[in-house]
Each structure stands twice: as C-alpha cells, then as structure tokens.
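Visitor: Predicted model and sequence below, questions to follow.
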Amino acid sequence: MVDFIDYEQTEPRQRTTAVSSGVTYGRETAVHRALNQRKNEFTNLQPCRVLCVTWNVNGQLPTEDLETLLSVDDRPADVICVGFQELDLSPETLLLMNDSSKELMWMEKMKAGLPKGVSYKLLKHIRLVGILLVVYVRESMISRVSEVHIGSVSTGIMGMLGNKGGVSIKFNIDMTTIAIVNSHLAAHQEMVERRNQDYRDIFTKMRFDNDEGNTLKNCDIVVWIGDLNYRVSEDEMTGEEIRSLAEKWEIGPLLRFDQLREQRNKHLVFEEFVEDTINFMPTYKYNPGTDKFDTSEKCRTPAWCDRILWKSNTVLKCEDYRSHPIHKLSDHKPVSAVLLVQTRVVDVHKKQLVLDEILKDLDRIANDSLPQAALNRTELNFDGVKYLEAQEQPITLQNTGTDLFEFEFIPKLEDRSICAPWLRIEPQKGVVDPGNVMIINFTVYIDNRALKTIGPDRKLDEILVLHLVNGKDYFISVSGYLVQTSFGRKITDLVRIPDPIRRQNLLVDIEQSPDEVKVDKESPVALNIPKELWRIVDYLYQNALFEEELFAVRGSPMDIGAVRDAIDTDGPIQVSSIHSVAESLILFLDSFPDPVIPYEHYPVCLEHCTHFANSKRALRSMDFSHRNVFKYICAFLREILSHSELNRSNAKFLSQVFGDVLLKPQLPEAGNVAKSTSKKRSLFVYQFLTNDYDE
C-alpha cells in the first residue's frame, strides 16, 4: 500500500538562506557566491535516483495500469517525474484552458501505480492544456526539498494556443537545483526549424513564478522530456524504406538520419545536453492497441519522437533508457530513463565556520573601493528592423576594479519597466568578478504587442539605465527604425492605399515615413478589403482548403517573414509550409490597432452572441471596411468548413481561434471574466460560420 501524501496541500516550506541576520542586501550576492565557490568545504555528495517518464497519450483515457512504467526495476526511484502530452484534445481544453477531467483520472492512475512499499509525496504538478508534468519525491527525502517553483511557455500560434509548448517544475534537493521540463514541440516531417525555435523559446522564455531572474540557466540539472516530434529524415530515404528498416529492427541506419541528432550535431538545438544510447524501436506512430506501425491513410513514418535528455555535470550516469511497448493505448509508446545524480548535502556546522570566515573577509574589504566598470559602447543603433524578425547586438561590461560588483538595469524615473516592449535585455542583472567581462545582449523584436507602442514615425528610441550596486549609473541609448509594413496599420488606412506599402526592390522605401505612404482618407473610393488580406486569403484558398490542422499548427519564422515581405512589396508568396501562411493571417488580423470588430461595437456583439438576427444588426452599424473584412474572413472559413470531410475542420474550433482575434476588449480581462468573454466571442463568430451571411 502506497502512503500518498499531497505535498502541494501541506504547509509551504520557509525559504532558507545562507546569509545570517547581520548581512545586508548589498552583500548578499557576494556572500552566496563565496559560499558557492567554497561549497566543497562544507558539503558531501550523495547519490539520488531520478526516474523520468514521457508519454504522448493521444487524448486517451487511462485504461492501462502504470506499475511497470513507474517501477522499471526493483529499486524504487527517489524522485519520479512523469510528463504527458496530448492529455486532452478537446477544443474546449485546447483554446479555453478549461479544467480537464482526464487530468484527474491520469493523476489517480499514477497514484495507484507508484512503487509499492515506499511512501511518496506529490511535490507539484502543472498542466498547460494537454501537457502535464507531475513530480513525486520519497517522503523520507522531503525535508531536503525546498524552493519549489513552476513555469510554462506556450509556443502555439501567437502564444495563444497551448497545444504546443512546455511546462517545468524546479526544486532544490539539498544545495542542488533541479528543473524538469516537459515539452511538446511542433509536428510534421518538414517542421525541423519550427521545432528548433520551439525549443529555443521554451529554454529562453521559461520563468519560474514570473520571476525574471529565475530561469533554466540557473539550474544545476535540467532534464528535458517530452514529445519532441523530431522525425527520421526522408531526405535520404523514402518513407517505405524507413518503415521496412524499422520493422526489421535495423535501427542503426535509421538513427543516422534522426533529425534531433542531425540538429544537435550542427549545434542548432539542445547544446550541452546529453542523451543516452537509443536501443529501442521507434516510439511513433503505431496503430492504437497494437505494436504495428501506422497503416492509416496517412501512413506516418516511424520515428523516435519521444525523448529524454539532460544537461548537468552532476549526473553520474543513465542507468536505464528504454521504451515500453507493453503500453498500447496510444499511437506513441512511453519512454523512461533512470538517472543517477549527485546532490550536495550540507554539513551545517562546517557551513557556519565557512560563513563566518567569508563575513570577516567582506568586512576587511568593505568600502576599500567603489565598483569600477567599463562599457565598450553606450550607443546601439538598429537599422531596418522588420516585423517579427529579431535583431541582436551585444555590449561588453568589464570589471576594472579590485572587487566584484553587482549590476542591474533599473527603470528611469517615473517609469515602471526597465525598457520598451520591443526590446529584450539578457541578462538584466548579474555579478562580474574583477578583471572579468560580462556580455549583455540587446534584442529588438517587434510583435503585435510592441507594434502598438511604436509611434507613426516608426522610430525606436530608448534610454536604458545600467546601475552598479553601491556605484554609479551608466546610460545606454538604443535607436533604430521599423521598416514600413502593412502589419499594425488601420483597416481604414489599408483600404485607401492603392500601391504596395513597401515597393519591391526600392531601398528608398525603407526610409519612407508613414506620411509618405499615399493614404487618401477623403476619397469615397476605397478597396472593399485590404489588398494584403486578399493576397493571404487567396493563397490559402488556392492551396490549403484540404489541409488538416489548419490554424492549429505553427509556421516557420522564416516563412512568416517571407509572407510579410511578399504582401508589403507585392512579391510572390513562397513558403515551405502552408501553416506559415495560416499563422500569418492570424497575426495580420491581430495586428490591427482597432480590431476587426471595433472596440465601440464589442459590448453589443457580446450581448447578442447567441442571437443571429441581432448579431447581423450589430454588424450593420459598423464602418463598411471593418464589416467587409469580417464578412470576408467568415466566408473563407465557411469555405474551409465545406470541405470538412477532407480537412477535418470544425466550426467550433475555428470560431474559438478567430473569436479572440476578430473581437478584442479594449482593456485587459482576467480570470473568470476573460474565460466568459472568450466564450462569447467564439459564439458570436460561430453564428456566422454556421449561417450564410452576405448583407
């Protein structure tokens, strides 16, 4: 009988610190760094067995027992980490982030499957739509666990859909910080770069409990599990050849063309991570309920989609890395790994002796000198920034003094944030030892949120304050300009711009101000809809009516940039994936300063979201250009739905995706209000997807 204790419901542990009551904030970082440098003097290494399991359950109910999955040998693990993907595939869960009954069912099934004869506590669990991560710890070890934090990153379209992304649980065992990441990356054979980008987004954007300084980079051990979706490349072999080798258990030749290995060898993804030798069959794709590879109409090629990697200097070895073909309910096979790691156990008495010595040393050197620093430059100029294309420049900060110093970027007077939304700084704070150099990266990235903060002159201007703790401030100026684009322009302007907003191959147009773009606001003659919108929709109409998972799969950043340039210059749309054009459509609609359904019409549209006649009357009172765009989009979506037997689309899903893009509140909403209005927005659009409308 397993003694199951929910650690999440117990009293939270007090945060412990190595700093005694006499240490001020200004010295805290120096004390912690000194303790870390001398940790060998007051710690002992102790082994800890960590079992990690990943399984894409394809939305299935937990009809199989999990004992063999959670007890891979006769030695129960100290820590058990289980990650699921596609836990719940219902549209309500996908888009509305609703609670899932399947989560509770799988949690109960895991509880029943924990190793017998050992008491475990549920340390923490976190779910992002269908991505669930659960961590259990032996009860006998729980007193050694502290600093439990969670984080999540959605990599779905616009960061809105949680069907892809990652979740993480971070915790300390003794003095060792461990983070477990469970992710579900972009699907499909050709989406390698999208998977790479998903990984980079999750790794760089993961913040635990919304603390900017609490990142994966600060962890001693990072274990990454999940459906990473890397396939066996079909550049050198056909799908039939891959299937034939897999069925013969000839996995060696297949692994040579494993996309994840190829990308890691090129240092494009999972740098510094380690994976044990794969000696098991591909884990995807099977006919559910069998051990036979996919024989459906799609006939997906076998691949090792489900993987476990780690990054650490304290992982002694991987004791076991295997798949579990006995589990047949999904089209994926689960994968597990047992890692033997080392954690640092503190000798409290020895630690206090070291701490006393450190404090005495700090007292001797206090006030001997102020922090001394040098920057290689204080001006950054970003020319020709394009929408959704990042530009990065570094600055080096050197410690020219005799003692370490702490730095941080701080807001200017009367400002609440340290920089504009279009600018990212990494790192935002840190410590530099004497004679050392810190490289600080500044990235300009214009997304829809940042677009709304940029003036009509498209100029980028920002002054940053780099503060040395107990020292002086340095001022860094950032300047640049945004290349002219149709993204972020008003619908009423776009319908009155007859020419491409950025004429093809004319560099002078990059310098063109918005006032130089011909907008005849007085003319009664205007396009029915923006020509840019027509081009995107027409491309999808010609090429995507029979495409499955349209608007559910992310596109390639490079492709989205190509779509942007094509509609801005009237050039041809050339992409590697139709999903890039689909995502571009959503991004374009979302970028309008005044939404397709203008703010002033938003309340009445929500009020009549279930009454089609009243909804039509609400549209009649709108500006003709906004009304035409809404009609055009709904007509296109109805055309997609007319081919649902082939593309498997459904009105409920499309109305939920486009409801949050076509209708938006002027002020942010949160909690139950946001869920309620999101449902009403989708209901409003649903009326026009399931009824003909051409008024």
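Guide: Great, that's in hand. Numbering: from 1, shown residues only.
Visitor: Distance of Phe270 relative to Gly401?
Guide: With distances taken as CB to CB, to the nearest Å, Phe270 is found 38 Å from Gly401. Where you see a C-beta, it was placed from the backbone N, CA and C, and this is true even at glycine.
Visitor: which stretches of the stretch 1-150 of the chain have low pLDDT?
Guide: 1-26, 91-99 (pLDDT under 70).
Visitor: again, only using 50
Guide: Where the stretch 1-150 of the chain drops to pLDDT under 50, the residues are 1-25.
Visitor: ditto for the chain
Guide: 1-25, 504-515.
Visitor: Which of the helices or strands spans the spatially most distant residue from the centre of it?
Guide: In the chain, counting by CA atoms, centre = their mean, Arg364 sits farthest out from the average C-alpha position, at 46.4 Å. Secondary structure from DSSP states H and E places Arg364 in helix 348-365.
Visitor: Now do the following helix or strand past that helix: which elements does it pack against?
Guide: Per DSSP H and E, helix 348-365 leads on to strand 373-375 as the next helix or strand towards the C-terminus. Where contact means 3 or more CB pairs under 8 Å, 6 or more residues apart in numbering; DSSP states H and E, strand 373-375 is packed against strand 391-399, strand 473-482.
Visitor: Please name the strands paired to strand 373-375 in the sheet, noting orientation.
Guide: With DSSP bridges as the test, strand 373-375 is paired with strand 391-399 (antiparallel).
Visitor: Would you mind writing the CA trace of the strand it pairs with as CSV?
Guide: Only the C-alpha atoms of strand 391-399 are listed here, as CSV (Å, rounded to 0.1, in the frame of the first residue of the first chain):
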residue,chain,number,x,y,z
GLN,A,391,18.0,41.9,-34.4
GLU,A,392,20.6,41.4,-31.7
GLN,A,393,23.6,43.4,-30.6
PRO,A,394,26.0,42.9,-27.6
ILE,A,395,27.7,45.3,-25.2
THR,A,396,30.5,44.1,-23.0
LEU,A,397,30.7,45.2,-19.4
GLN,A,398,34.1,44.8,-17.8
ASN,A,399,35.1,44.9,-14.2
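Visitor: After it, which helix or strand is next?
Guide: Downstream of strand 391-399 (by DSSP H and E), the next one is strand 405-410.
Visitor: Which positions within that next one qualify as buried?
Guide: Phe405, Glu406, Phe407, Phe409 (16 or more other CB atoms under 10 Å).
Visitor: Okay, and the beta partners of the second one?
Guide: Applying DSSP bridges to Glu406 yields these beta-bridge partners: Val431.
Visitor: Now do the same contact list for it.
Guide: Gly26, Thr29, Ala30, Lys429, Gly430, Val431, Leu468, Val469 (CB atoms under 8 Å, 6 or more residues apart in numbering).
Visitor: Tell me the buried residues within the residues you listed.
Guide: For those, buried by 16+ other CB under 10 Å: Thr29, Ala30, Lys429, Val431, Leu468, Val469.
Visitor: from those residues, which ones fall inside strands?
Guide: Among the buried ones among the contacts of Glu406, the members falling in strands (DSSP state E) are Lys429, Val431, Leu468.
Visitor: can you tell me which of these lies nearest to Thr204?
Guide: Lys429 (16.2 Å; CB to CB).
Visitor: Please report the distance of the residue nearest to the closest one when sequence neighbours are not counted from Ser649.
Guide: Among residues not flanking Lys429 along the chain, Glu408 sits closest, at 3.6 Å (CB to CB, 6 or more residues apart in numbering). According to CB to CB, Glu408 stands 49 Å off from Ser649.
Visitor: again with Asp347
Guide: 63 Å.
Visitor: more crowded one of the two?
Guide: Ser649 (23 against 13; other CB atoms under 10 Å).
Visitor: would that one count as being in a helix?
Guide: No - when classified by DSSP: H, G, I helix; E, B strand; the rest coil, Ser649 is found to be coil rather than part of a helix.
Visitor: who touches it in this structure?
Guide: Contacts for Ser649 (CB under 8 Å, 6+ apart) come out as Leu550, Ile640, Leu641, His643.
Visitor: Ignoring the adjacent residues along the chain, who's closest to the last one?
Guide: Read that as His643. Leu545 (5.1 Å).
Visitor: Spell out the residue ranges of the strands in the stretch 201-350 of the chain.
Guide: 221-227, 306-311, 315-323, 335-346 (DSSP state E, counting those that start in this stretch).
Visitor: which one of the ones you listed is the most hemmed in?
Guide: The highest average neighbour count among the strands of the stretch 201-350 of the chain, using mean count of other CB atoms under 10 Å, belongs to strand 221-227 at a mean of 25.
Visitor: elements contacting that strand?
Guide: Using 3+ CB pairs under 8 Å, 6+ apart: strand 221-227 touches strand 43-56, strand 79-85, strand 176-184, strand 306-311, strand 335-346.
Visitor: hmm, who's touching the following helix or strand past the longest one?
Guide: Read it as strand 43-56. Next helix or strand after strand 43-56 toward the C-terminus (DSSP H and E): helix 67-70. Helix 67-70 has contacts (CB under 8 Å, 6+ apart) with 51, 53, 55, 80, 82, 110, 113-115, 324, 326-327, 334, 336.
Visitor: Compare those and tell me which is most surrounded.
Guide: Of the contacts of helix 67-70, with other CB under 10 Å as the count, Trp55 tops at 30 neighbours.
Visitor: That residue contacts Lys328, doesn't it?
Guide: No - the criterion here is CB atoms under 8 Å, and Trp55 misses it with Lys328 at 11.9 Å.
Visitor: one step back: might you report the residue contacts of the residue farthest from the centre of the chain?
Guide: Contacts of Arg364 by CB under 8 Å, 6+ apart: none found.
Visitor: mind checking the end-to-end distance for stretch 315-334?
Guide: Start-to-end span of stretch 315-334 (CA to CA, to the nearest Å) is 22 Å.
Visitor: doesn't Phe171 fall inside a strand?
Guide: Yes - counting by three-state DSSP, Phe171 is located in a strand.
Visitor: ok, the nearest residue to it once chain neighbours are set aside - how many residues close by?
Guide: Distances taken as CB to CB, 6+ apart place Val148 nearest to Phe171, at 4.6 Å, with adjacent residues excluded. Look at Val148: counted by other CB under 10 Å, it has 19 neighbours.
Visitor: what about Val148, which SS state?
Guide: strand.
Visitor: measure it to Leu70 for me?
Guide: 21 Å.
Visitor: Please apply the same query to Leu464.
Guide: Counting by CB to CB, the gap from Leu464 to Leu70 is 49 Å.
Visitor: circling back: return the closest of the contacts of Glu406 with respect to Gln656.
Guide: Distance to Gln656 across those (CB to CB) is lowest for Lys429, with 39.5 Å.
Visitor: so who does that closest one touch?
Guide: Gly213, Glu406, Phe407, Glu408, Phe409.
Visitor: ok, now which ones touch the last one?
Guide: Just to be clear, that refers to Phe409. Ile418, Cys419, Ile425, Gln428, Lys429, Leu464, Val465, Leu466, His467.
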